[in-house]
Structure formats: C-alpha cells, structure tokens
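**Q** Would you be able to build a 3D model of this:
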Amino acid sequence: EVQLVESGGGLVQTGGSLRLSCTTSGVSFGDSALGWYRQAPGKGREGISCISNRHDFTYYKDSVKGRFTISSDNAESTVYLQMNSLKPEDTAVYYCAVVDCFVDYVLPLDLWGQGTQVTVSS
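**A** Predicted structure coming up:
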C-alpha cells in the first residue's frame, strides 16, 4: 500500500520560511517522481514543484521559482519542500503526490497525501 504523509506546515509571517516533508512508503522511491501541489481557499489544486529521482531533475512553477527548493532523501524515502520568502498568497493546503515530472510541468498520478496547512500572515 502506498502512503504519503506530509508534515511541517504551520503559521508563519510574510518573509518567513517553512520546510515541508513528505515521507513515503510502498513507493519505489529511487525510480519515482514526487511532487508538491497546493490548493488555496476557493481555488483549484495547482502543481508547484516536482523532482524526478530517477532522472535527477526538478521543476518549479514560476510563482515559486527562486523561493522554494525541492529535494529528496532516498535513504529516508522522503521528499522535502524548503519554502523561503513566503507571501500571503502562498497560503494553502500543500499536498505531496506521486507524479509524472517533466522539465516544464507536472502531472499527478492520483496518489496523494492528506495535506498540510500553510498559512502566511501579512
């Protein structure tokens, strides 16, 4: 059984930082691509970043490029999202997912974590 468990969300002020973690089980981690999506209140879910562990490349949506960094730890089967210079518009529920990761976009494969809330106060 595939399980994705996110952690690390919380409340932070504008300009602050958070690091999200997604611990996986049941995933062939070294051969997989993992991604981060977010869903703000009243909006659809958007893919913001992904990492291909097999092919060693990453993707970032323009709105987070230069502020967010995705990384993975194969030994821990965990993917991280370091979020710096946070803005109120980053407020959303953040989800980890198994994805198809491409250099310029990401597609979910319908395997999701439960989400973690990130709130950025102004």
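
**Q** Let me see the contact set for Ser85.
**A** By Cβ atoms under 8 Å, 6 or more residues apart in numbering, the contact list for Ser85 reads 15, 17, 67. The C-beta positions use only the backbone N, C-alpha and C, and glycine is treated the same way.

**Q** can you do 10 Å?
**A** By Cβ atoms under 10 Å, 6 or more residues apart in numbering, the contact list for Ser85 reads 14-17, 64, 66-68.

**Q** Give me the buried subset of the residues you listed.
**A** Buried by 16 or more other Cβ atoms under 10 Å: 64, 68, out of the contacts of Ser85.

**Q** Including pLDDT and secondary structure, could the contacts of Ser85 go into TSV?
**A** Putting these into TSV (pLDDT from 0 to 100; DSSP: H, G, I helix; E, B strand; the rest coil) gives the following:
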residue	pLDDT	secondary structure
Thr14	98	coil
Gly15	98	coil
Gly16	98	coil
Ser17	98	coil
Val64	98	coil
Gly66	98	coil
Arg67	98	coil
Phe68	98	strand
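
**Q** Mind picking the one among the contacts of Ser85 that's closest to Leu81?
**A** The shortest gap between Leu81 and any of the contacts of Ser85 belongs to Phe68, at 6.0 Å (Cβ to Cβ).

**Q** sorry, back to before: which one of the contacts of Ser85 is nearest Arg54?
**A** Scanning the contacts of Ser85 for proximity to Arg54, where the rule is Cβ to Cβ, the winner is Phe68, at 21.5 Å.

**Q** So the closest one is in contact with Ile51, correct?
**A** No - counting by Cβ atoms under 10 Å, Ile51 is not a contact partner of Phe68; they are 11.6 Å apart.

**Q** Between these two, which contacts overlap?
**A** Overlap between the contact sets of Phe68 and Ile51, as judged by Cβ under 10 Å, 6+ apart, is given by 36, 81.

**Q** name the helices or strands packed onto the helix-or-strand element of the chain with minimal mean pLDDT?
**A** Lowest by mean pLDDT, DSSP states H and E among the helices and strands of the chain is strand 106-112, with a mean of 92. Packed against strand 106-112 by the contact rule (3 or more Cβ pairs under 10 Å, 6 or more residues apart in numbering; DSSP states H and E) you find strand 3-7, strand 33-39, strand 45-52, strand 57-60, strand 92-101.
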